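Undergrad: quick check, what structure comes out for this input:
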Amino acid sequence: QEQLVESGGGLVQSGGSVRLSCVASGFAFDPNAIGWFRQAPGKEREGVSCINRSDRSTVYADFVKGRSTISRDGAKNTVYLQMNDLKPEDTAVYYCAADADLYCSDYVPSSADFRSWGQGTQVTVSS
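TA: Now for the predicted structure:
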């Protein structure tokens, strides 16, 4: 059974940092694309970042570009999202998603394109 488990969220002060982790298990084949999404109360889910297993290329949404890093540890089946200089508007539930066939090119693909999802981890940034 395919499973994604996020962790690392919590309460952070504005300007602080957080490192989110997404552990994948139960996949018959290593998914190529792992993406991070977030959803704030009353807002739509939006793509934050994405990484490709095939060539380790990465994509970032404009609102996190320059202050976030996505990385992948194949040996641990884990994808990380390091976020720095956090702002109150970064407050949201952060989800990771995976898809075996998807490739993230110039932008984070639509959430509808990802097959598997985690349960999410809450990040709250206080001002």
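
Undergrad: skipping adjacent residues, who's closest to the residue nearest in space to the middle of the chain in space?
TA: Note on the chain: the residue nearest the mean C-alpha position is residue 36, at 2.0 Å, using Cα atoms, centre = their mean. Using Cβ to Cβ, 6 or more residues apart in numbering and skipping residues adjacent in sequence, the residue nearest residue 36 is residue 48, 4.3 Å away. In this view, the C-beta of every residue, glycine as well, is placed from N, C-alpha and C.

Undergrad: how close does that neighbour sit to residue 85?
TA: Distance, residue 48 to residue 85, using Cβ to Cβ, to the nearest Å: 14 Å.

Undergrad: who has more neighbours, the two?
TA: Between residue 48 and residue 85, counting by other Cβ atoms under 10 Å, residue 48 is the more crowded of the two (25 against 13).

Undergrad: so residue 106: helix, strand or coil?
TA: Assigned state for residue 106: coil (three-state reduction, DSSP: H, G, I helix; E, B strand; the rest coil).
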